[in-house]
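Student: Sequence below, structure please.
(chains A and B)
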There are 2 protein chains.
Amino acid sequence: MEYRFSDKLADLRPSAIREIFKSLVDPSIISFAAGNPAAESFPVDELARLSAEILATAPVQALQYSITEGYPPLREAVAKRQRAVFGIGKSVAAGDAFNDSTLIVSGGQQGIELACKVFCNEGDVVLCENPTFVGSLNSFRSNGACPVGVEMAADGIDPDALERAILENPRVKLLYLIPTFQNPSGVTMSAEKRRRVYEIAKKYSLPILEDNPYGELRFAGKELPTLKSMDTEGLVIYCSSFSKILSAGMRLGFVIAPEAIVSKMAVAKQGEDVHTNIFFQMLCHRFLTECDLDAHIAKIRALYRRKCALMLGELEKQLPDGITFTRPEGGLFIWCTLPLGCDMNAFVQAALARKVAVVPGTTFNCDPSAPSRSFRLNYSTPTDEQIVEGVKRLGEAAREFIR
Amino acid sequence: MEYRFSDKLADLRPSAIREIFKSLVDPSIISFAAGNPAAESFPVDELARLSAEILATAPVQALQYSITEGYPPLREAVAKRQRAVFGIGKSVAAGDAFNDSTLIVSGGQQGIELACKVFCNEGDVVLCENPTFVGSLNSFRSNGACPVGVEMAADGIDPDALERAILENPRVKLLYLIPTFQNPSGVTMSAEKRRRVYEIAKKYSLPILEDNPYGELRFAGKELPTLKSMDTEGLVIYCSSFSKILSAGMRLGFVIAPEAIVSKMAVAKQGEDVHTNIFFQMLCHRFLTECDLDAHIAKIRALYRRKCALMLGELEKQLPDGITFTRPEGGLFIWCTLPLGCDMNAFVQAALARKVAVVPGTTFNCDPSAPSRSFRLNYSTPTDEQIVEGVKRLGEAAREFIR
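Tutor: Okay, here's the model as predicted:
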């Protein structure tokens, strides 16, 4: 029979990345398409030991229903670390009028989706960096909200273009930003732009959804203030996760935002999954308080520093002139752009014919019908040998393709 | 500052049950308010053994990103069991035009929420048994859909009232039913009514969301066919979970529905949490295929049969004439109704003053402003001693309260 789906889902397709992920069953394909953390980044021994202890000492608590807001000791440990590392909540301590609270969510993705749900009616607008994370675009679209893109430069979103977009879109309800090691571009917003962007949001009382999943993965350059650390008005909803530092498969993230917003998000979360897997909340809490997270993260940073440098070096050697690429200071991704006049989709197909998978730039466009000359590369998942061989094949495809 | 929340969330409050759950920190309160499975229902030893094996033999797979639809071996094991126990998918094997598929979700709650999201625009109507599960009401409301109640009798929803409601609500998109051991009423829909309800849905091409979280917990009476087992048109979205038989805290459920619906739900799920905790999907698969689930469920059924009988016996002894209650054949709940003219909320307060918590019936009303003379009791969570003492106190409150 013919089903009458909701308007928001009727035309929505699965994310190209998730579909590429599914199609990567051919082991001879070298994939630069994933966004997976390196297998070596999971602290398996500690997690196995702590798991056994939890099931031996508190099995009923770890397997029974729990509260929507999250395991209180984990909420506390998260708030403490985010404050120490990223200055989250510092403005509150300084005596501001709003009261930040922490919500544990089922991966950073859920935090993004809930923020959209509590602020946007169907047809409302979410302003985004363009290009941006496709998972967030799908969260917005599947809630009936309309992502509208604002162009970026090498130091982040263009503040003048942002202000114009606010004025042109009276139904704008949320500004979604990944200021640090942006996905897919690898771009980090400068300190100066962060201040300007925050002032513009403040001028228009526009809530900012600051997504910081890669913030702990800096391997070059110096730390920059989060937007949340500048927040004096209760405007910033800060969202992050443990996917890139402990385990992506456990689906554990968090939101730190003014209590009035968190309590609405908690109501919406009740209706989605009641609460996040409590066993892994307990496990994560024990890891944060009993293990050396900083030492663990230092290992991941060293690994990604090396892998990123390896890929950048190979790109320099193998790619013909005219193809440009970003030089990230952290995170998981490099963003490559073909010369003017090149057909990016045809290039991606040519690469796939040589058994290298990359993600076409159109995937990350707020307007899915807009063109792109770019594609995304990931360096955290492939082995060193795959990076060398895969970039060599990309170079071959490029030289054949670019006349 | 003043936040402008979405219309759907602006007036939505946390579920009364989740709030009662949070307030039950006073250990002297006897709670009949929860919907938790008994602590004894978790197979702790097997789960601990299998957890250790998974983290020893396949740690990266268990901690890395996975696919949205769910762990393929678990999807297969779920489909096989549901077919064997509840006849799910049998009509497909008989050669019908639609193709059922299985989606793993983060608790049955997510299956309900996703079904609403893919079928309902803001303002669309979901017909429900009245009263019904408050978590589902919140899922519908937080998606901007309007739950509309259809009255029930002791053998389930009234088919004539259902047909009238379909005709009166041109924006109806979904029919939500818990045919077996309904929450909160404990009512099971008769076989005759199941056939009539399915025929009415078929007549109007109205998709049915069949929620069956308690189906495995029958301790009296005989098995009745699921609506899904009667489905010849691809109309039924069948939703259930492992919360009541393995672990509620792990948040693992499933949806079995025509592939065209499941693929839309998977797109929406990508935007909510990417995928369900993969470690617990692997754990659940190993339990289903390596342990004796039937023997485990037999133990839970025996436990709940005894606890339900104990509570019913005490209610007969302690409650004054005029208070009626349902006699469930399975599940977790008994539904009590005060005589005409009684103020249910005042009674619930009188019970709480005697340190017994029950859930007021208004919580489960599709129309939150409608009155109720009923309240819900749970027998799976309290100890035997708490059941005896708690019902005694309820009787005291009732005799003082009912003149």
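
Student: Could you give me the buried positions within the longest strand seen in chain A?
Tutor: As assigned by DSSP state E, the longest strand anywhere in chain A is strand A:146-153. The neighbour-count check on strand A:146-153 (16 or more other C-beta atoms under 10 Å in any protein chain shown) flags A:146, A:147, A:148, A:149, A:150, A:152 as buried. Yep, even glycine has a C-beta here, placed from its N, CA and C like the rest.

Student: Sheet partners, orientation included, of the next helix or strand after that strand?
Tutor: Note on strand A:146-153: by DSSP states H and E, the next helix or strand toward the C-terminus is strand A:156-157. According to DSSP bridges, strand A:156-157 forms sheet pairs with strand A:146-153 (antiparallel).

Student: contacting residues around the partner strand?
Tutor: Residues outside strand A:146-153 that contact it (C-beta atoms under 8 Å, 6 or more residues apart in numbering or on different chains) are A:123-132, A:136-137, A:140-141, A:157-158, A:161-162, A:165, A:169, A:171-172, A:176, A:182, A:185, A:187, A:365-367, A:370.

Student: lowest average confidence, helix or strand, in chain A?
Tutor: helix A:90-93 (a mean of 54; mean pLDDT, DSSP states H and E).

Student: What's the first helix or strand after that helix?
Tutor: Next along from helix A:90-93, by DSSP H and E: strand A:100-105.

Student: Pull the number of nearby residues for residue A:315.
Tutor: 20 (other C-beta atoms under 10 Å in any protein chain shown).

Student: can you give me the mean pLDDT across the helix or strand harbouring it?
Tutor: Taking DSSP H and E as the criterion, residue A:315 maps to helix A:293-318. Averaging pLDDT along helix A:293-318 gives 97.

Student: In chain A, where is pLDDT below threshold?
Tutor: Low-confidence segments of chain A (pLDDT under 70): A:15-24, A:90-98, A:403.

Student: C-alpha coordinates for the helix or strand where residue A:387 lies, CSV please?
Tutor: Residue A:387 is part of helix A:384-401, with elements assigned from DSSP H and E. The C-alpha coordinates for helix A:384-401 follow below in CSV (Å, rounded to 0.1, in the frame of the first residue of the first chain):
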residue,chain,number,x,y,z
ASP,A,384,49.2,4.2,7.7
GLU,A,385,49.6,1.9,4.7
GLN,A,386,46.1,2.7,3.6
ILE,A,387,46.7,6.4,3.9
VAL,A,388,49.8,6.1,1.6
GLU,A,389,48.3,3.8,-0.9
GLY,A,390,44.9,5.6,-0.9
VAL,A,391,46.3,9.0,-1.5
LYS,A,392,48.5,7.6,-4.3
ARG,A,393,45.3,6.3,-6.0
LEU,A,394,43.6,9.7,-5.4
GLY,A,395,46.5,11.3,-7.1
GLU,A,396,46.2,9.0,-10.1
ALA,A,397,42.5,9.6,-10.4
ALA,A,398,43.1,13.4,-10.1
ARG,A,399,45.8,13.5,-12.8
GLU,A,400,43.7,11.4,-15.2
PHE,A,401,40.6,13.5,-14.3
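
Student: Residue A:163 - that's part of a helix, no?
Tutor: Yes: the assignment for residue A:163 by DSSP: H, G, I helix; E, B strand; the rest coil puts it in a helix.

Student: what's the closest non-adjacent residue to it?
Tutor: residue A:200 (5.3 Å; C-beta to C-beta, 6 or more residues apart in numbering or on different chains).

Student: Please apply the same query to residue A:79.
Tutor: Per C-beta to C-beta, 6+ apart, closest to residue A:79 is residue A:102, 4.9 Å.

Student: Name the residues of stretch A:187-197 that come out as buried.
Tutor: Those buried within stretch A:187-197 under the rule 16+ other C-beta under 10 Å are A:187, A:188, A:189, A:193, A:194, A:196, A:197.

Student: From chain B, how far out is the fourth one?
Tutor: When C-beta to the nearest C-beta, to the nearest Å is applied, the distance between residue A:193 and chain B equals 23 Å.

Student: Surely that residue touches residue A:160?
Tutor: No: using C-beta atoms under 8 Å, residue A:193 is not in contact with residue A:160, being 10.9 Å away.

Student: Up against chain B, what does the stretch 151-300 of chain A have?
Tutor: A:173, A:205, A:207, A:233-235, A:243, A:247-251, A:258, A:260-261, A:263-264, A:266-268, A:270-280 (C-beta under 8 Å from any C-beta of the partner chain).

Student: out of the residues you listed, which are buried?
Tutor: Counted by 16+ other C-beta under 10 Å, those give A:173, A:207, A:233-235, A:243, A:247-251, A:258, A:261, A:263-264, A:266-268, A:270-280 as buried.

Student: Strands - which of these land there?
Tutor: A:173, A:258.

Student: For the residue nearest the centre of chain A, give its distance to residue A:357.
Tutor: Per C-alpha atoms, centre = their mean, the C-alpha nearest to the average position across chain A is that of residue A:213, at 4.9 Å. Relative to residue A:357, residue A:213 is positioned 22 Å away (C-beta to C-beta, to the nearest Å).

Student: Please name the bridge partners of the residue nearest to residue A:237 when sequence neighbours are not counted.
Tutor: Using C-beta to C-beta, 6+ apart and skipping residues adjacent in sequence, the residue nearest residue A:237 is residue A:257, 4.1 Å away. Beta bridges link residue A:257 to residue A:101, judged by DSSP bridges.

Student: residues touching residue A:257, list them.
Tutor: A:100, A:101, A:103, A:236, A:237, A:238, A:265.

Student: What's the local residue count around the last one?
Tutor: Close neighbours of residue A:265, defined as other C-beta under 10 Å, add up to 26.

Student: What number of residues are in the vicinity of the closest residue to it other than its chain neighbours?
Tutor: Excluding the flanking residues, the one nearest residue A:265 by C-beta to C-beta, 6+ apart is residue A:114, at 4.3 Å. Counted with other C-beta under 10 Å, residues neighbouring residue A:114 total 31.

Student: Thanks a lot, see you next time.
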